[in-house]
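> pasting the sequence and the predicted coordinates here, then a few questions.
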Amino acid sequence: MHYQDKKQLLDDLNIRKEEAFSFVFHRYYSRLCLFASQFIDKSGEAEDIVDEAFMKIWRGQRSFESIDHFKSSLYQTTRHIGLNKRTSDLRRIVRADHYVSSQEQTQQSQLQQIVYAEAMGELYHAIQSLPPKAQQIIRATYLEGKSNEEVATAMQISIQTVKNQKLRALSLLRARLSRDTFNLLILGAFIAKNFQ
């Protein structure tokens, strides 16, 4: 049906006559799609927004005072749906970015934990291969953070003996450990002494 009379078109729109909606749909669809395209990134989504706007008005109970009022309602509804879509898309992007970021952090953290566990395993294995007294001194000074004096008192030996045993043990460990693992031992001793 082709409408020449705006009053007849308005009356038919207000009673939700299908021919009237079909007429305005074909008349305003491309304009509304162009208007809706400002709210989205993908071209096909503008049509979805406009389809939804027409359906919302078709199902609504609102009466229109004029064709201009109807057009204004179409644009406002399209704008509202477009803004909601944009907000929803932005939230989804933020959630996706947050998820990806947290996964990357988790993976990095897990990798660091694996590297640390492997290095500590190598370190403990090397310490177990030391003579018993050297093992005890290295554990006490480097892993537990005790001073030479504390170890000497606990083991009832001289401070010089503790120092000699440490030097000998470190020399053996340096030969048995990778450079990074040996540095981890030294760093561990530093942290244990300074942050107890």
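Everything's here; your move. Note that the structure is predicted; figures quoted are calculated from it, not measured.

> quick one: low-confidence ranges for this protein?
The chain contains residues with pLDDT under 70 at 1, 43, 104, 106-108, 184-196.

> any idea which helix is longest in it?
In terms of residue count, the longest helix belonging to the chain (DSSP state H) is helix 67-128.

> identify each buried residue in the helix or strand just after that one, please.
As assigned by DSSP states H and E, the chain's next helix or strand after helix 67-128 is helix 132-138. Of the residues in helix 132-138, those buried under the neighbour-count criterion (16 or more other CB atoms under 10 Å) are 134, 136-138. (Each C-beta comes from the backbone N, C-alpha and C, glycine too.)

> give me the residues contacting helix 132-138.
Outside of helix 132-138, the residues that reach it under the criterion CB atoms under 8 Å, 6 or more residues apart in numbering are 127-128, 130, 151, 155, 162, 165-166, 168-170, 172-173.

> make it 10 Å
The set of residues external to helix 132-138 that reach it, using CB atoms under 10 Å, 6 or more residues apart in numbering, is 123, 126-131, 144, 146, 148, 151-152, 154-155, 157, 161-170, 172-173, 185, 189.

> among these, name the ones in helices.
Reading helices off those with DSSP H, I get 123, 126-128, 148, 151-152, 154-155, 161-170, 172-173, 185, 189.

> now these: which count as buried?
Using 16+ other CB under 10 Å, the buried members of the ones in helices among the contacts of helix 132-138 are 123, 126-127, 148, 151-152, 162, 165-166, 169-170, 172-173, 185, 189.
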